[in-house]
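Student: Let's see this in three dimensions:
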Amino acid sequence: MVKSDVREAKVPNKSINLAQSLHLSLTRRYRLALSLILAILVATFATFTWQTSIGENDAYLINISGQQRMLSQRIALMAKEMRYAQSPALANRYASEMQKSVDKMSSNHSALTSGRLANGKSYALSADLSDMYSGEKMLDQRVSKYLAAANAFLDLYREQGLNVIRSAVQAERNVAETRKGLLGDLNATVTLYEREAKQRIKRFQKLELGFFITGLVILVVELLFIFKPMAELIARRTYDLEKRNAELAELSLKLADKQGLKERALQAAKAAPKQTVKPIEN
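Tutor: Sure thing, here's the model as predicted:
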């Protein structure tokens, strides 16, 4: 009777230990799976945010470098219009427009050559861009010279008036001369910014493809080494629990049978008539 009670006590303890072990194993596995998925999601989000920021910079750079072409043409046009203005009022309007163009071109050029943009962001000049501005083309120096000639033309107008400007053929010619070849190099600079932006987009696309493939690999790894073993573990533990439940049920039946036999034996003993011992007659 004592042995049966000990066995009955051991079986539930084993079931409890199995349940705890299963819970711990499942917890470790799904935590690992979720951590891997979280890591790839965070990396993808960070890359997308970075790509968006870089894309905004590229769009801004292409925009202001494209403005330089237009502004260089507008400055030369306004200088010519000032010389042939029919009235001082008209000349003043052209001078105001020319000054705005000079100021805008100057601020754009400063941003493009320094890497500090007016939108609060910054960028690093590539080797090709640095060579364009400071190398053989000397675009930085030529743009500065062009803007200086335009400012000199405006200063002459403000100091000596429209009549002097009309006869100042050399002043307008200085503006036009410094612009020679500049437009082509400004256009080449825009093309360079566009090319570098496209190269960055291609690199990001490759990076996105890499994250996509990495995500698929992680899912396959999780399937083979986490979820599939987890399913097999659950199946084994479920089988063990069912087996132990069956053992408990069998043990309960045996105990019930023994108890029933005892009760029937006691009832039979109580129901049996008592035998009396008769005295022996002599």
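Student: Output the below-cut-off pLDDT ranges for the stretch 101-250 of the chain.
Tutor: 168-179 (pLDDT under 70).
Student: for it, what spans make up the helices?
Tutor: Applying DSSP state H, counting those that start in this stretch to the stretch 101-250 of the chain gives helices spanning 127-134, 139-167, 169-179, 182-222, 228-271.
Student: I'd like the distance from the fourth one to the chain centre, please.
Tutor: I take that to be helix 182-222. 14 Å (CA atoms, centre = their mean, to the nearest Å).
Student: Return the list of helices and strands in contact with the longest helix along the chain.
Tutor: Longest among the helix segments of the chain by residue count, using DSSP state H, is helix 2-83. Helix 2-83 is packed against helix 88-114, helix 139-167, helix 169-179, helix 182-222, helix 228-271, with contacts defined by 3 or more CB pairs under 8 Å, 6 or more residues apart in numbering; DSSP states H and E. Using the backbone N, CA and C atoms, a C-beta is placed for each residue, glycine as well.
Student: Go through these and name the closest to S25.
Tutor: Comparison of the helices and strands packed on helix 2-83 against S25 by CB to CB identifies helix 228-271 as nearest, at 6.1 Å.
Student: between the closest one and helix 182-222, how big is the angle?
Tutor: If you take axes from the mean of the first three to the mean of the last three CA atoms, to 10 degrees, helix 228-271 sits at 20 degrees to helix 182-222.
Student: coming back round to it: let me have the helices of the stretch 101-250 of the chain in CSV, adding mean neighbour count and distance to A46 as columns.
Tutor: Converted to CSV, these look like this (neighbours: other CB atoms under 10 Å; distance: least, CB to CB, whole Å):
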stretch, mean neighbour count, distance to A46
helix 127-134, 16, 27
helix 139-167, 17, 35
helix 169-179, 16, 45
helix 182-222, 14, 10
helix 228-271, 11, 30
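Student: who's in contact with Q67?
Tutor: Shown in contact with Q67 (CB atoms under 8 Å, 6 or more residues apart in numbering): K104, M105, N108.
Student: Of the residues you listed, which is the most crowded?
Tutor: M105 (24 neighbours; other CB atoms under 10 Å).
Student: what's the spacing between the residue lying closest to it once chain neighbours are set aside and I213?
Tutor: The shortest distance from M105 to any non-neighbouring residue, by CB to CB, 6 or more residues apart in numbering, is to L71 (4.1 Å). L71 sits at a distance of 46 Å from I213 (criterion: CB to CB, to the nearest Å).
Student: same question, Q73
Tutor: For Q73, the distance to I213 - CB to CB - is 48 Å.
Student: same check, this time on I226
Tutor: Distance from I226 to I213, by CB to CB: 19 Å.
Student: Please report phi then psi for G115.
Tutor: Backbone torsions of G115, given as degrees, to the nearest 10, read phi 90, psi 0.
Student: Repeat that for L125.
Tutor: The phi/psi pair for L125 (degrees, to the nearest 10) reads phi -70, psi 130.
Student: Would you enumerate the residues in contact with it?
Tutor: L125 is in contact with T113, G115, Y133, counting by CB under 8 Å, 6+ apart.
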